[in-house]
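Novice: need a structure here:
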Amino acid sequence: MMARERKHRKLEEVMSDSQENEPYMYSGNLEEEPEPQSEEKPRPLFPQTDVILEVEGRPIHVNKQTLADSSPVFKRMFESDFKEKHMSTVPLPDKKYEDFEKFVFLIYNPGHQFQITNDTVIALLSLAVEYQVKAVQNRCESFLTSKLEQTKNHKMDHNDIPTLLSYAECTEKYDLQSISQLVVDLLARYDVKMLKQADVKDRVTGEVWTDILEKRNSLLTTCLANITGNGLAADVTATLELISSMEYGSPVKSNLMGKYESLLSNACKYYNRYNLTPHQLVHLIIAGERFELKTLLSSAIELASKAINFDSNMGRYHEISDRSKLKIAERKLHLQKYDPSSLQYI
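Specialist: Just a heads-up that it's a prediction; the model follows:
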């Protein structure tokens, strides 16, 4: 009996030592204990790869079926009787590694837009057309359209000409009709002499150059009609951009800008005659700031100070500088205190 008890105690001691030194074991009816988190290894950029594309001597590991499903060119390369079908490494000469890696990334990740930028869109579009990857081509075209629309609605910089020219060449090369008209409209805002100096005439087709000249002539005609007429221009910013795009120091530009600023300033002074609205007044303040038209800006701020219905809820109000907002607020407070009868709705 004593021997059995000693043997039992010895067994308990052994089991106790085992439980302290061995990993935790659990039965099916016990709650699972979380296992220690191991350091996760980075996943490959393109998982389940079975072929290497060699670009500029550097490997891009890809999956044949994934590329074949997205590109008829890759499909023929890997499934038809071409030598690439049996190659483990396929060299792609005359390609740039960084461009091609982004291109493959877009094939694998159609939901990611961040890879397309002003610097990469032309190269990616070229690859998309060459390899007939319609999804990537459509995204590149959408990116270009969006950028051109933004440029059309905001102040342009003369440095935009090389970018627009590259877009023009791209639209001609790949027959992107949905974009070509936007490019023509934007290039037409520049002075003809400036366009020639940027080699636009030499680098686009004669048909496109004619379209640019005809569009510019139409814009100038509209601009002059707006300035000499008795009403505000339909798009103040676009008209000012057109005038500003003329050759620097041109007497024609100076004369037109002066006349147009005078018209807009008079619209602030005789707002009832011009049916000026608070929203239009916001546009005039922004235009005065953007194009440094001091007379216009002063007239617009004065009217805004008197307008009871001029407030921060109007569209584009956030684009007005803090300095002008402060001037309006200070002037309005002064009028409320010393000349409240001058405050009125417009």
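Novice: Does I52 lie in a helix or a strand, and which?
Specialist: Here I52 sits within strand 51-55, counting by DSSP states H and E.
Novice: Correction: the previous question concerned K102.
Specialist: K102 belongs to helix 97-108 when assigned by DSSP H and E.
Novice: and the helix or strand just after that helix, what other elements does it pack with?
Specialist: With elements assigned by DSSP H and E, the helix or strand that comes after helix 97-108 is helix 121-130. Judged by 3 or more CB pairs under 8 Å, 6 or more residues apart in numbering; DSSP states H and E, helix 121-130 is in contact with helix 97-108, helix 134-152, helix 160-173. Bear in mind the C-beta positions are built from the backbone N, C-alpha and C, glycine included.
Novice: ok, and what's touching helix 121-130?
Specialist: Helix 121-130 is touched from outside by 73, 95-96, 99-100, 102-103, 106, 115-116, 133-134, 136-137, 140-141, 143-144, 166-167, 170, 174, with contacts defined as CB atoms under 8 Å, 6 or more residues apart in numbering.
Novice: 7 Å - rerun?
Specialist: Residues outside helix 121-130 that contact it (CB atoms under 7 Å, 6 or more residues apart in numbering): 96, 99-100, 102-103, 106, 116, 136-137, 140, 143-144, 166, 170, 174.
Novice: hmm, back to that, mind putting the helices and strands packed on helix 121-130 in TSV, mean pLDDT, mean neighbour count and distance to E56 included?
Specialist: TSV is the format used below for the helices and strands packed on helix 121-130 (pLDDT from 0 to 100; neighbours: other CB atoms under 10 Å; distance: least, CB to CB, whole Å):
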stretch	mean pLDDT	mean neighbour count	distance to E56
helix 97-108	92	19	4
helix 134-152	87	17	20
helix 160-173	87	18	23
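Novice: As JSON lines, the ones you listed with distance to D339 would be great.
Specialist: Listed next are the helices and strands packed on helix 121-130 as JSON lines, based on distance: least, CB to CB, whole Å:
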{"stretch": "helix 97-108", "distance to D339": "62"}
{"stretch": "helix 134-152", "distance to D339": "42"}
{"stretch": "helix 160-173", "distance to D339": "46"}
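Novice: Using just helix, strand and coil, how would you label the residue lying closest to T295 once chain neighbours are set aside?
Specialist: Take T295 and drop its neighbours on the chain: the residue closest to it by CB to CB, 6 or more residues apart in numbering is S265, 5.2 Å away. For S265, the assignment made with DSSP: H, G, I helix; E, B strand; the rest coil gives helix.
Novice: Go ahead and confirm S265 touches L297.
Specialist: No: counting by CB atoms under 7 Å, S265 stays clear of L297, with 9.2 Å between them.
Novice: And the two? Which one has more around it.
Specialist: For S265 versus L297, neighbours defined as other CB atoms under 10 Å are more numerous around L297 (24 against 21).
Novice: counting contacts, what elements does the helix or strand hosting that one pack onto?
Specialist: In this assignment (DSSP H and E), L297 forms part of helix 294-306. Judged by 3 or more CB pairs under 7 Å, 6 or more residues apart in numbering; DSSP states H and E, helix 294-306 is in contact with helix 251-269, helix 278-290, helix 322-338.
Novice: Let me see the residues that make contact with it.
Specialist: Contacts of helix 294-306 (CB under 7 Å, 6+ apart): 261, 264-265, 268-269, 271, 281, 284-285, 287-289, 310, 324, 327-328, 331-332, 335, 342-344.
Novice: any idea of the mean pLDDT for that helix?
Specialist: For helix 294-306, the mean per-residue pLDDT is 94.
Novice: what angle do that helix and helix 278-290 make?
Specialist: On the basis of axes from the mean of the first three to the mean of the last three CA atoms, to 10 degrees, helix 294-306 is oriented at 140 degrees to helix 278-290.
Novice: Just the CA atoms of stretch 140-156, as PDB, please.
Specialist: The C-alpha atoms that make up stretch 140-156 are tabulated as PDB, following Å, rounded to 0.1, in the frame of the first residue of the first chain:
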ATOM      1  CA  CYS A 140      -5.900  55.500 -68.700                       C
ATOM      2  CA  GLU A 141      -8.400  57.300 -71.000                       C
ATOM      3  CA  SER A 142     -10.600  58.100 -68.000                       C
ATOM      4  CA  PHE A 143      -7.500  59.500 -66.100                       C
ATOM      5  CA  LEU A 144      -6.600  61.700 -69.100                       C
ATOM      6  CA  THR A 145     -10.200  62.900 -69.500                       C
ATOM      7  CA  SER A 146     -10.400  63.800 -65.800                       C
ATOM      8  CA  LYS A 147      -7.100  65.700 -65.900                       C
ATOM      9  CA  LEU A 148      -8.100  67.600 -69.000                       C
ATOM     10  CA  GLU A 149     -11.500  68.600 -67.500                       C
ATOM     11  CA  GLN A 150      -9.700  69.800 -64.400                       C
ATOM     12  CA  THR A 151      -7.300  71.900 -66.500                       C
ATOM     13  CA  LYS A 152     -10.200  73.300 -68.500                       C
ATOM     14  CA  ASN A 153     -12.000  74.500 -65.300                       C
ATOM     15  CA  HIS A 154      -9.000  76.000 -63.600                       C
ATOM     16  CA  LYS A 155      -6.200  78.500 -64.300                       C
ATOM     17  CA  MET A 156      -3.700  77.300 -66.900                       C
END
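Novice: Thank you kindly, that will do.
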